[in-house]
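S.K.: Model the following, please.
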Amino acid sequence: MAEQQLAAVPGPLPPLHHPLAAPESIPLPLSPTIVASESIPLPLSPTTVAPPVPPIAPLDSTPQRDPILDGTLNDIEQLWVNRYNFLKERGYLLRPRYRPGWTPSWTTYKEQSRAEDAVPISLPHLLDATRISDNKPMVLKIVTKPSSEIVIGQFLLTGDLSNDPRNHCIPLVDVLEDANDPEHAILVLPLLRRLDSPGPASIRECVSLIEQTLEGLAFLHEHSIAHRDCAWGNIMMDARAMFPEGWHPQGYLRKPDGQLIKNRSPSRTAVGDVRYFFIDFGISTLGEDQTVGLSGQELAPELSEEVPYNPYKLDIYILGMAYQKFFVERHLGVDFVKPLISYMTPAAPEDRPSAAEAVERFKSIRSNMTEYQLSQRLWPLKPEWIGVRILKDAYYRYCDRQWAKKPKNELEPLV
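M.R.: Model prediction:
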């Protein structure tokens, strides 16, 4: 939830080309500092030997093949093709591009730009698949064993933890182990969507994201799990309600069939909000009050390979910085979250709150926010003409009121 010397050899100089050179029929006088063209050989010094003239290589008459039109798979993709039968036997079907014997469905660049099987892999250790039993899209992730993702993922499936509404961890669907590759395992995970695709549209949607992620972090800490990398890039959303036709796992602007997405919800609020999940537990810890390490997306002050630090306090700092980078550094008019960020991100870990305390602090902030403030459209950093801003704000507030009257979309379980 892995991812810069050149010897000069004496010899004839090329002809000079000057933008103000006279036509070829009128020879220009040569300056003492300018060497004549190749037809006048340069005198060689007694110690200089003229370099041999290399033979001219024959022209290759073999037509060059276009790797784009040929649909050539790279080495990483071929490794996935080699796993096709194993995955199918375990109940997961790779899309046509990664099936043995695949040939491209396109013959021209124009067709290639629209073809589903032209979409390549994005990250070498991740690939999409379809669960054969119910046709649901899944993500396959290769991890090196032993893996904290397996340990924590399976722990969160025990007892009532998987059904706890405060559990905002991506559920582990399956673990596939291949006897031919004992050093690795393949995790099966549900397909989620990037947090900023699209980003939140209003203060209300920001509030929901903060509430869910704080709640989810408190849940983790309550069960002695520290994420250690809960930056905004490791928070994703279940966006199925916003994209009723789905999306291509390797191309967010495309539908599963490779065509461009044209039908999507204008905002999270319009579909009754979305649910957020923490992903990538690759450096997470279970039951450890002290740890070491520099890994992660956020460079917190205490990170060290030698001096142990509290991973729970680290999580508080990282999540606070996620709010800073995802809200404050991207939008105007989000002052409501700044006190929470300051509360969560002191340089000294001992000055930071617990996750439960951060939840209570935000509840207090939320209780003082009016409906008018919640329905405020997020303002972009790029300046807007005041008249345009007023019109856009009024229109969004009108839409927000209409959306609030609609029942929340009921979805099938994620897994």
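
S.K.: in the protein, which spans are strands?
M.R.: Remark: strands of the chain, listed N- to C-terminal, are 92-93, 126-131, 136-144, 174-176, 184-190, 193-194, 225-226, 235-238, 275-278, 285-286, 291-293, 304-309, 331-332, 379-380; assignment by DSSP state E.

S.K.: And the ones you listed: which comes nearest residue 356?
M.R.: Shortest separation from residue 356 across the strands of the chain is recorded for strand 225-226, at 14.2 Å, computed as Cβ to Cβ. The way it works is simple: take the backbone N, C-alpha and C, and place the C-beta from them, glycine included.

S.K.: What distance do you get for the closest residue to residue 338 other than its chain neighbours to residue 209?
M.R.: Distance criterion Cβ to Cβ, 6 or more residues apart in numbering; nearest residue to residue 338, sequence neighbours excluded, is residue 328 at 6.6 Å. For residue 328, the distance to residue 209 under the criterion Cβ to Cβ, to the nearest Å works out to 13 Å.

S.K.: quick one: which of these two has more around it?
M.R.: Neighbours around residue 328 and residue 209, counted as other Cβ atoms under 10 Å, are more numerous at residue 209. The numbers are 24 against 14.

S.K.: That one: what's it in contact with?
M.R.: 195, 200, 235, 276 (Cβ atoms under 8 Å, 6 or more residues apart in numbering).

S.K.: which of those residues sit farthest apart?
M.R.: Using Cβ to Cβ, the contacts of residue 209 reach their maximum pairwise distance at 200 and 235, which is 11.9 Å.

S.K.: related to what we said a few turns ago, quick one: the residue nearest to residue 338 and residue 336 touch, right?
M.R.: No: using Cβ atoms under 8 Å, residue 328 makes no contact with residue 336, being 10.5 Å away.

S.K.: Which residues are in contact with each of those two?
M.R.: When contacts are counted by Cβ under 8 Å, 6+ apart, residue 328 and residue 336 are jointly contacted by no residue.

S.K.: so where's the stretch 201-350 of the chain shaky on pLDDT?
M.R.: Across the stretch 201-350 of the chain, no stretch falls below the confidence threshold (pLDDT under 70).

S.K.: where exactly do the helices run in it?
M.R.: For the stretch 201-350 of the chain, the helices defined by DSSP state H, counting those that start in this stretch cover 203-222, 311-323, 338-344.

S.K.: which of those helices sits most buried?
M.R.: The highest mean neighbour count among the helices of the stretch 201-350 of the chain belongs to helix 311-323 (a mean of 24), with neighbours defined as mean count of other Cβ atoms under 10 Å.

S.K.: and that helix, what other elements does it pack with?
M.R.: Packed against helix 311-323, as judged by 3 or more Cβ pairs under 8 Å, 6 or more residues apart in numbering; DSSP states H and E, are the following elements: helix 203-222, strand 225-226, helix 338-344, helix 355-367.

S.K.: let's go with 10 Å and repeat that
M.R.: helix 203-222, strand 225-226, strand 291-293, helix 338-344, helix 355-367 (3 or more Cβ pairs under 10 Å, 6 or more residues apart in numbering; DSSP states H and E).

S.K.: and the angle from it to helix 355-367?
M.R.: 30 degrees (axes from the mean of the first three to the mean of the last three Cα atoms, to 10 degrees).

S.K.: Go ahead and produce PDB holding the CA coordinates of stretch 400-408.
M.R.: Once non-C-alpha atoms are left out, stretch 400-408 reads as follows in PDB (Å, rounded to 0.1, in the frame of the first residue of the first chain):
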ATOM      1  CA  ASP A 400     -25.700  21.100  -2.200                       C
ATOM      2  CA  ARG A 401     -29.200  21.700  -0.800                       C
ATOM      3  CA  GLN A 402     -30.700  19.500  -3.600                       C
ATOM      4  CA  TRP A 403     -28.200  16.700  -3.000                       C
ATOM      5  CA  ALA A 404     -28.900  16.700   0.700                       C
ATOM      6  CA  LYS A 405     -32.500  15.700   0.000                       C
ATOM      7  CA  LYS A 406     -31.500  12.600  -2.000                       C
ATOM      8  CA  PRO A 407     -31.100   9.200  -0.200                       C
ATOM      9  CA  LYS A 408     -27.600   7.800   0.000                       C
END
